[in-house]
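Student: structure, please.
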Amino acid sequence: MTSTHSPAHPSYPSQPSHIPHLSRLSRFAHPGNRPPELPGDTGWAGLRRTAVWLVPALLVAYAGFRRRWMSDDAYIYVRTVRQVLAGNGPVFNAGERVESSTGTLWQWLLVGAGAAGIDVASAAVFGGLLLTAAGFALAGIGALRTYGGRVAVPLGSLVLLGLPPVWDFATSGLETGLATCWIAGAWLALTARPASLATSVVIGLGPLVRPDLGLVTVVFLGAQWLLVRPSWRGVCAGAGAAGVVPAAYEVFRAGYYGHLVPLPAVTKEASRSLWGRGLVYLADFAQPYVLWLPALFVAAAVLGPRGSGLRGGGLRGGGARGFGVVRFVPVLAPVVAGLSCWVYVVKVGGDFMHGRMLLPGLLLMLLPVFAVPVTRVAVPAAVGVGLWAVVCAGWLRMPYGGQIGPAGIADERGVYVRHNADPHPVRHTFVGAPHHLAYVRQVSAARRSGAPVLLFGKEGRGGAVSPGVTASYVVLGLNGAVVPLDGAALDPIGLAYPLAAHSERVGRGRVGHDKRLPAAWLAADRGVVGGRPGWVDPGQVAAARRALRCGGLAELNASVRGVMTPGRFLRNVAGSWERTAFRFPPDPERAERELCG
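Tutor: Sure thing, here's the model as predicted:
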């Protein structure tokens, strides 16, 4: 976002003299403050400042490495990357254009790693770890800049370092590490160079990191405007810079996939409201670790007499308003963004992985106090948080470790440690999970047969329309790993199967797992024409087969399986809104009545 009258950017209107660039606002800092000395300063003071951002980064890298693992959902990314590298496009199954990856940018980073010859699973695990550590470093640097380079002590970083979910999702193969790095990097760019178009570009990437991080993008762009107060020309330039990449990808998504959001967002009904379940998810995260205790220490450091500088003149920022509202924008923006993220997570009912979806919001709220200037209040507060972090790291855990809790929330890492009988389950063998191992062997036998095979989990078997193995299994990452790329790895929940994704919810299952497509639909969609697998009602199969030729289902199938031509692309774009919102009853006979009249 360009400022008005900035000589550094002669091609844009520059910034008026009464609103100086943030890098020149140190003169508004507390009397006696020198211009900010950032990491890299020489001498003992520089070493102490370097330690504030470097030590937490090293500690989270160590803790994450000790807890390294690969989640099943990460193998969803891996299959898509393998399809891209095999020349089949960014799809989960060849011949069906489905966006199964929620983190778009993470998917393409893994494609880049795979193209460079790096093992994709290893890149997902260790790339996530490096990005998490980088995020911690950027957050510490941002905090030092915010307080003008004053001598500081860690505070918010200690809260994160004490939490086991932070260690777990430092790896996991998911996009959490990228989210950590992007959040911290965008905040640092906002505080260091708010008038730069590069800052707008970085902030605009939020929806591509995860769709829900679009909330952070909106808040940070608003903060950027408050800090710079550009002309209309500058506003347009900043908005264009922020939106060009996400908008271009959204057009591609609508035309190629025929949807406005990744398919998992359709499956999980990301626009619904399940406040009660969301509050249970929040309590499941907050209660085991006694999070109210470090919150009290942080509040004391911020609100106490001669606190951390959040209320005093130690903040860098301002302009003509001097010590006015603009001075608080760099510290309020991440707090507002973090609260917004938490409200959204609670609204949609949380997640099935313990703590995972609350970590980005917690990081955002802690960014302004990641490190705080040394004061008589801040130092005791840091000691208190540090003692809590030691106790939390050493003893506090969720009560269902290694299992799925009563609310359907899982200690996901613990489950895969147990299923694989491996403390670091990166390569899943499932030697400790006989039910999964039996399915793996069934798929292997089907592959060896060479005949077209249709499998519905361990429940049924029959002939398939397509050659090779067509298999539906509730654990999609596992299914994608064992079914060959020229086969079809489907799931009855709908994370990578449009038919299941667009079905209506069937009950109060786990969050994100409360759709279950009946087997009759799979038999009608993928079974041998004129026959049936033998484990479903033939009347249900016939009704489903007729429904597939009617209305929204016929258009849905054409959008993802039809030959991609310019005309198909334009029709996909034109119908993407209606198609994304389309739902049909899971009962085949009811669906036939509603869709076929």
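Student: give me the most central residue, the chain.
Tutor: R210 (4.2 Å; CA atoms, centre = their mean).
Student: that residue reaches E175, doesn't it?
Tutor: Yes: counting by CB atoms under 8 Å, R210 does reach E175; the two are 6.2 Å apart. Where C-beta positions appear, they are placed from N, C-alpha and C, glycine not excepted.
Student: between those two, which contacts overlap?
Tutor: Common contacts of R210 and E175 (CB atoms under 8 Å, 6 or more residues apart in numbering): 102-103.
Student: let me know the pLDDT of the residue nearest to the centre of the chain.
Tutor: pLDDT recorded at R210 is 97.
Student: can I get stretch 368-388 as CSV, trimmed to CA atoms?
Tutor: This file holds the C-alpha atoms of stretch 368-388, laid out as CSV (Å, rounded to 0.1, in the frame of the first residue of the first chain):
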residue,chain,number,x,y,z
PRO,A,368,2.6,-7.9,20.8
VAL,A,369,3.9,-9.5,24.0
PHE,A,370,6.1,-12.1,22.3
ALA,A,371,8.9,-10.2,24.0
VAL,A,372,8.4,-7.1,26.2
PRO,A,373,10.7,-4.3,27.5
VAL,A,374,12.3,-4.9,30.9
THR,A,375,10.3,-3.2,33.7
ARG,A,376,9.6,-3.9,37.3
VAL,A,377,6.3,-5.6,36.3
ALA,A,378,7.4,-7.3,33.1
VAL,A,379,10.3,-9.3,34.6
PRO,A,380,8.2,-10.9,37.4
ALA,A,381,5.5,-11.7,34.9
ALA,A,382,8.0,-13.4,32.6
VAL,A,383,9.3,-15.4,35.5
GLY,A,384,5.7,-16.5,36.4
VAL,A,385,5.0,-17.5,32.8
GLY,A,386,8.3,-19.3,32.6
LEU,A,387,7.5,-21.4,35.7
TRP,A,388,4.0,-22.2,34.3
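Student: give the rounded mean pLDDT of it.
Tutor: This predicted structure assigns stretch 368-388 an average pLDDT of 95.
Student: before we move on, the earlier item: who's in contact with the residue nearest to the centre of the chain?
Tutor: Here R210 is in contact with 102-103, 175, 179, 360 (criterion: CB under 8 Å, 6+ apart).
Student: got it, and N93?
Tutor: Here N93 is in contact with 83, 487-490, 496 (criterion: CB under 8 Å, 6+ apart).
Student: who wins for neighbours among those residues?
Tutor: Within those, most neighbours by other CB atoms under 10 Å means L490, with 32 neighbours.
Student: returning to that earlier point: closest one of the contacts of N93 to G507?
Tutor: Nearest to G507 among those is L490, at 20.3 Å by CB to CB.
Student: quickly list what the closest one is bridged to.
Tutor: S472 (DSSP bridges).
Student: so it makes contact with D525?
Tutor: No: counting by CB under 8 Å, L490 does not reach D525; the two are 9.0 Å apart.
Student: low-confidence stretches in this structure?
Tutor: For the chain, the stretches with pLDDT under 70 are 1-42, 149, 306-325, 458, 530-533.
Student: tell me the SS of V235?
Tutor: What DSSP: H, G, I helix; E, B strand; the rest coil gives for V235 is helix.
Student: and it, how far from L197?
Tutor: V235 sits 12 Å away from L197, going by CB to CB, to the nearest Å.
Student: what do you get for V563?
Tutor: 40 Å.
Student: swap in I183?
Tutor: To L197, I183 is 20 Å away according to CB to CB.
Student: ok, V345 next?
Tutor: 31 Å.
Student: out of the two, which sits in the busier spot?
Tutor: Regarding V345 and L197, a neighbour count based on other CB under 10 Å identifies V345 as having more, with 21 against 18.
Student: so V228 touches G222, yeah?
Tutor: No: using CB under 8 Å, V228 is not in contact with G222, being 11.3 Å away.
Student: which one of these two is surrounded by more residues?
Tutor: Legend: neighbour count by other CB under 10 Å for V228 and G222, higher for V228 (27 against 14).
Student: for that one, give its distance to A195.
Tutor: V228 is 5 Å from A195, by CB to CB.
Student: same check, this time on A393
Tutor: For A393, the distance to A195 - CB to CB - is 41 Å.
Student: repeat that for L367.
Tutor: Distance, L367 to A195, using CB to CB: 20 Å.
Student: got it, and G402?
Tutor: From G402 to A195 the distance is 50 Å (CB to CB).
Student: can you check L274 too?
Tutor: 41 Å.
Student: could you pull out the strands for this protein?
Tutor: 152-154, 371-373, 453-456, 460-462, 469-472, 488-490 (DSSP state E).
Student: I figured L437 hits A421, correct?
Tutor: No: taking contacts as CB under 8 Å, L437 lies outside contact range of A421: 11.2 Å.
Student: overlap in contacts, those two.
Tutor: Contacts common to L437 and A421, judged by CB under 8 Å, 6+ apart, are V431.
Student: how many neighbours does the nearest residue to E589 once chain neighbours are set aside have?
Tutor: With CB to CB, 6 or more residues apart in numbering as the criterion, E589 has its nearest non-adjacent residue at 4.5 Å, and that residue is A543. Neighbourhood size, A543 [other CB under 10 Å]: 22.
Student: so how far is M357 from A543?
Tutor: From A543 across to M357, the span is 38 Å (CB to CB).
Student: just V348 next, same as before
Tutor: Taking CB to CB, one finds V348 at 9 Å from M357.
Student: what's the neighbour count on the residue lying closest to A265 once chain neighbours are set aside?
Tutor: Among residues not flanking A265 along the chain, P211 sits closest, at 6.1 Å (CB to CB, 6+ apart). Applying other CB under 10 Å, we find 19 residues neighbouring P211.
Student: contact partners for P211?
Tutor: Contacts of P211 by CB under 8 Å, 6+ apart are 102, 261-262, 265, 270.
Student: also H513?
Tutor: By CB under 8 Å, 6+ apart, the contact set of H513 is 352, 408, 474, 493.
Student: one more pass at 6 Å, please.
Tutor: I493 (CB atoms under 6 Å, 6 or more residues apart in numbering).
Student: got it, and Y473?
Tutor: By CB under 6 Å, 6+ apart, the neighbours of Y473 are 457, 479.
Student: now swap in E555 and tell me
Tutor: By CB under 6 Å, 6+ apart, E555 lies in contact with nothing.
Student: let's go with 10 Å and repeat that
Tutor: 258, 562, 571-572, 575, 578-579, 582 (CB atoms under 10 Å, 6 or more residues apart in numbering).
Student: most neighbours out of these, which is it?
Tutor: That'd be G258 among those, by other CB under 10 Å, with 27 neighbours.
Student: spatially, what comes nearest to that one if we skip its sequence neighbours?
Tutor: Excluding the flanking residues, the one nearest G258 by CB to CB, 6+ apart is S559, at 3.4 Å.
Student: circling back: the more surrounded of L274 and A195?
Tutor: More crowded of L274 and A195, by other CB under 10 Å: A195, with 27 against 18.
Student: how close does the more buried one get to R546?
Tutor: 61 Å.
Student: S271 now?
Tutor: Taking CB to CB, one finds S271 at 30 Å from R546.
Student: out of the two, which sits in the more crowded spot?
Tutor: Applying other CB under 10 Å to S271 and R546 shows that R546 carries more neighbours, namely 17 against 12.
Student: my guess is A451 meets T470, correct?
Tutor: No: applying CB atoms under 10 Å, one finds A451 not in contact with T470, separated by 11.6 Å.
Student: what touches both of these two?
Tutor: Going by CB under 10 Å, 6+ apart, residues that sit against A451 and also against T470 are 463-464.
Student: cool, thanks, talk later.
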